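Enquirer: The sequence and its predicted three-dimensional model are supplied below.
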Amino acid sequence: KQEVTQIPAALSVPEGENLVLNCSFTDSAIYNLQWFRQDPGKGLTSLLLIQSSQREQTSGRLNASLDKSSGRSTLYIAASQPGDSATYLCAVGSGGATNKLIFGTGTLLAVQP
Amino acid sequence: GAVVSQHPSWVICKSGTSVKIECRSLDFQATTMFWYRQFPKQSLMLMATSNEGSKATYEQGVEKDKFLINHASLTLSTLTVTSAHPEDSSFYICSARRGGANEKLFFGSGTQLSVL
């Protein structure tokens, strides 16, 4: 059974810092991996999607990497801003016709102004 | 962009009543929709996968007779919590995919259900 873990569970940084969020998964046979952010009491916003054949994806100040063999992904946020404060979730696609997502435990990020 | 609308955003009901939650893809056709629930400070747990025109596939431990899912069209899926009890109180979120399995998932804004 696929298990997805995120470290750290919570992180507080001053504005302007670069930071890295970690995601690990137990079964390397994934189809793809997606990073989301969730604001309190809200749904999820998709940030980046990495296919299993890719090593990384970039969007603005965000960069996500994927190392399937070691079961790891990282989300790098450059020059953090208070507006980046949210819970960040990674989710691995299990493959097959539906490719349902298995979510990690989340990292609660607080960027202090 | 792909927009998924979920309604209502919150609902309070008495124990024993049924509650219906709607999930609509506004600007795309979604052949597959997913329903998740999220307890406070926990991650999302997949409840079921919904395919248009067919029965939903439920995850282990999710009662299909309690959580009725209908995916009547390519833009609408509904989740009905039947005979709700306080332990069903949770945040329910739907998601939709507009293409194949390698496409992104887009999420609704969620429904906070409180059962008194």
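Expert: Yep, that arrived.
Enquirer: Who's the closest spatial neighbour of the closest residue to chain B within chain A, skipping the chain neighbours?
Expert: Ranked by CB to the nearest CB, the top residue of chain A for proximity to chain B is residue A:99, at 3.6 Å. In short, each C-beta sits where N, CA and C put it, glycine included. Distances taken as CB to CB, 6 or more residues apart in numbering or on different chains place residue B:101 nearest to residue A:99, at 3.6 Å, with adjacent residues excluded.
Enquirer: and that neighbour, how many neighbours does it have?
Expert: Counted by other CB atoms under 10 Å in any protein chain shown, the residues lying close to residue B:101 total 16.
Enquirer: what separates the residue of chain A closest to chain B from residue A:28, distance-wise?
Expert: Using CB to CB, to the nearest Å, one gets 16 Å for the distance from residue A:99 to residue A:28.
Enquirer: re the thing from before, ramachandran angles for the residue of chain A closest to chain B?
Expert: Dihedral pair for residue A:99: phi 50, psi 60, per degrees, to the nearest 10.
Enquirer: Tell me, how many residues neighbour residue B:49?
Expert: Residues contacting residue B:49 under the criterion other CB under 10 Å number 19.
Enquirer: On the three-state scheme, whichever residue of chain B sits closest to chain A is what?
Expert: With distances taken as CB to the nearest CB, chain B approaches chain A most closely at residue B:101, which sits 3.6 Å away. Remark: residue B:101 carries the secondary structure label coil [criterion: DSSP: H, G, I helix; E, B strand; the rest coil].
Enquirer: Hmm, it is touching residue A:51, no?
Expert: No: here residue B:101 does not reach residue A:51: they are 10.7 Å apart, not a contact under CB atoms under 8 Å.
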